[in-house]
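Visitor: Sequence plus predicted model, see below.
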Amino acid sequence: MERRTIKIAMNGVTGRMGYRQHLVRSLLALRQQGGLDLGDGTVLWPEPVLVGRREAALRDIAGRHGLEHVSTDLAAVLADPEVEVYFDAQVTGAREAALRRALAAGKHVYCEKPTALGFAAALELARLARAAGVKHGVVQDKLFLPGLLKLRRLVEDGFFGEILSVRGEFGYWVFEGDRQPPQRPSWNYRAQEGGGIVADMFPHWDYLLHELFGRVRTVQALTRTHIGRRWDEEGRPYEATAEDAAYGIFELEGGAVAQINSSWTVRVHRDELVEFQVDGTRGSAVAGLRTCRIQHRATTPRPVWDPDVPTAEPFRAQWREVPDDGPVDNGFKAQWELFLRHVVRDEPWRWDLLAGARGVQLADLGLRSCAQGRRLTVPEVTL
Ligand SMILES: NC(=O)c1ccc[n+]([C@@H]2O[C@H](COP(=O)([O-])OP(=O)(O)OC[C@H]3O[C@@H](n4cnc5c(N)ncnc54)[C@H](O)[C@@H]3O)[C@@H](O)[C@H]2O)c1
């Protein structure tokens, strides 16, 4: 096998996503399996260049994983002709400027969502990428989760008949930080730093709804900052200026209605941290990260409302598990593999900066819908 090395600048690897999902579980996992087999006698070998602001933290990670390249000088990294791809998992507020620099340097770019703090900037990034003629991509990891892959299979098989509605429940309790340490970074709760659950989750809902059920045509959202005071990483109290819960209703092309609750202020009484119930004329499904259960029209019970009689139906037991199709890889890694194939082999790819801009648009419109107290049309995004 011939080995082709691809140097990838990775910015934000000291963060939660950058380190665990993108470096360790994706690119290092690829190296552990011997590289990415391109199927033509070539194996692609990702060579990360760890970029960031704190050299000691970068060197620590590099040392732990036997990596050679670290830098605190983004300009120098982008000027290096050997670096082909720039990847960004920094805090959201730092992304746009860095992506602009990478595009200006002619690098292929791949990044976390949301791609920018607002729709105009996100769209401009997509325009710049197209003008630069580079390959570009945005993380849409939820599409690669085993439970949602099963759900996609059901949709494509026509299991549901006409899809009527989608109910999504996402969330868990994020500790305020005074007694237990919080599980999320404090910038998530500061609007001025790109925080808020709408910017965080609506981009995910946009691509999930779009790909599985139909483009989002309208949005109506109600947001709340339920907890106004939290404690940061150093134990200092701060005012939460960004919403920590969003209650959204989305009308989809094709007629289905999706209703999704997103909350960092809810305690879990579900099987998974995210669950979607899909109801159709011929059947229903409940899908989470890993599992997916179905109930067919023919096996649907016939409940009759009678408050005087205890419920006789074991409703939960009446659903059947959709079997696994085989082992499923980490979703972030699966998407990285497709992106790298797109870069070096020009294989098809649709999760680009324009798709990323669509997610940012939905977040912007969700917040505006709440501010204005009305339902808003979501225009189709084109360049
Ligand atoms: N795809 C997903 O499921 C998913 C999940 C969580 C977060 N994200 C996205 O990933 C990105 C990173 O989120 P995270 O939870 O890893 O955040 P984090 O706070 O854990 O990490 C942020 C990274 O950005 C760096 N950084 C650069 N400039 C900074 C600045 N001015 N202030 C603070 N840090 C700075 C930090 O050093 C760190 O490496 C965000 O854009 C977020 O929306 C995606």
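Guide: Right, received. Where do you want to start? Keep in mind the model is a prediction, meaning the values are calculated, not measured. Residues are numbered from 1 along each chain as shown.

Visitor: Around the ligand, pick out the residues from this structure.
Guide: 12, 14-18, 52, 89-92, 94, 112-113, 139, 141, 185, 200 (C-beta under 6 Å from any ligand atom). No exception for glycine: its C-beta is placed from N, CA and C like everyone else's.

Visitor: Wasn't residue 44 part of a strand?
Guide: Yes. Counting by DSSP: H, G, I helix; E, B strand; the rest coil, residue 44 is located in a strand.

Visitor: what's the spacing between it and the ligand?
Guide: According to C-beta to the nearest ligand atom, to the nearest Å, residue 44 and the ligand sit 23 Å apart.

Visitor: ok, that residue - contacts?
Guide: Contacts of residue 44 were listed using C-beta atoms under 8 Å, 6 or more residues apart in numbering, and they are 4, 6, 35-36, 38, 340, 344.

Visitor: looking at those residues, which has the most residues close by?
Guide: When neighbours are counted by other C-beta atoms under 10 Å, residue 340 leads the contacts of residue 44 with 26 neighbours.

Visitor: By proximity to the ligand, which residue of the stretch 151-300 of the chain wins?
Guide: Nearest residue of the stretch 151-300 of the chain to the ligand: residue 185, at 3.6 Å (C-beta to the nearest ligand atom).

Visitor: so what's that residue up against?
Guide: Contacts for residue 185 (C-beta under 8 Å, 6+ apart) come out as 15-16, 91, 233.

Visitor: Check residue 311 too.
Guide: If you count contacts by C-beta under 8 Å, 6+ apart, residue 311 has them with residue 303.

Visitor: so how far is the first residue of stretch 98-113 from its last?
Guide: Here the two ends of stretch 98-113 are set 14 Å apart, with distance taken as C-alpha to C-alpha, to the nearest Å.

Visitor: And it, how far out from the chain middle?
Guide: When C-alpha coordinates are averaged (C-alpha atoms, centre = their mean, to the nearest Å), stretch 98-113 and its chain have centres 18 Å apart.

Visitor: Which residue, other than its chain neighbours, is closest to residue 100?
Guide: Once flanking residues are discounted, residue 100 sits nearest to residue 128: 6.6 Å by C-beta to C-beta, 6 or more residues apart in numbering.

Visitor: That neighbour: neighbouring residues, count only.
Guide: 18.

Visitor: Wait, it touches residue 96, no?
Guide: No. Applying C-beta atoms under 8 Å, one finds residue 128 not in contact with residue 96, separated by 10.2 Å.

Visitor: Would you double-check that residue 317 falls in a strand?
Guide: No. In this structure, residue 317 is helix, not part of a strand, as judged by three-state DSSP.

Visitor: Please report how far it lies from residue 295.
Guide: 11 Å (C-beta to C-beta, to the nearest Å).

Visitor: got it, and residue 269?
Guide: Separation of residue 269 from residue 295 (C-beta to C-beta): 20 Å.

Visitor: So if I had to pick from the two, which one is more boxed in?
Guide: With neighbours defined as other C-beta under 10 Å, residue 269 and residue 295 compare such that residue 295 has more, 17 against 6.

Visitor: Contact partners for the more buried one?
Guide: Contact partners of residue 295, counting by C-beta under 8 Å, 6+ apart, are 283-285, 318-320.

Visitor: Sort out which residues of stretch 286-297 are buried, please.
Guide: For stretch 286-297, burial by neighbour count (16 or more other C-beta atoms under 10 Å) applies to 286-289, 291-295.

Visitor: Also stretch 162-175?
Guide: Neighbour-count burial for stretch 162-175, with 16+ other C-beta under 10 Å as criterion, is recorded at 163, 165-166, 168-171, 174.

Visitor: where do the helices sit along the chain?
Guide: 16, 29-32, 55-65, 74-79, 92-104, 119-132, 146-157, 197-212, 331-345, 353-372 (DSSP state H).

Visitor: neighbours around the one residue in the stretch 1-150 of the chain that gets nearest to the ligand, how many?
Guide: In the stretch 1-150 of the chain, the residue that lies nearest the ligand is residue 15 (2.1 Å; C-beta to the nearest ligand atom). Residues near residue 15, counting by other C-beta under 10 Å, number 17.

Visitor: ok, and the closest non-adjacent residue to it?
Guide: Among residues not flanking residue 15 along the chain, residue 89 sits closest, at 5.9 Å (C-beta to C-beta, 6+ apart).

Visitor: From what I see, the one you found and residue 115 are in contact.
Guide: No. If you go by C-beta under 8 Å, residue 89 and residue 115 don't touch, sitting 11.8 Å apart.

Visitor: Settle it for me: which of the two has more neighbours?
Guide: Using other C-beta under 10 Å as the criterion, residue 89 and residue 115 rank with residue 115 on top: 32 against 23.

Visitor: Tell me who's in contact with the closest residue to that one other than its chain neighbours.
Guide: In this structure, residue 115 finds its nearest non-sequential neighbour in residue 356, 4.0 Å apart by C-beta to C-beta, 6+ apart. Residues in contact with residue 356, defined by C-beta under 8 Å, 6+ apart, are 111, 113-115, 122, 125-126, 138, 203.

Visitor: Among those, which one has the most neighbours?
Guide: Of all the contacts of residue 356, the highest neighbour tally under other C-beta under 10 Å goes to residue 115, namely 32 neighbours.
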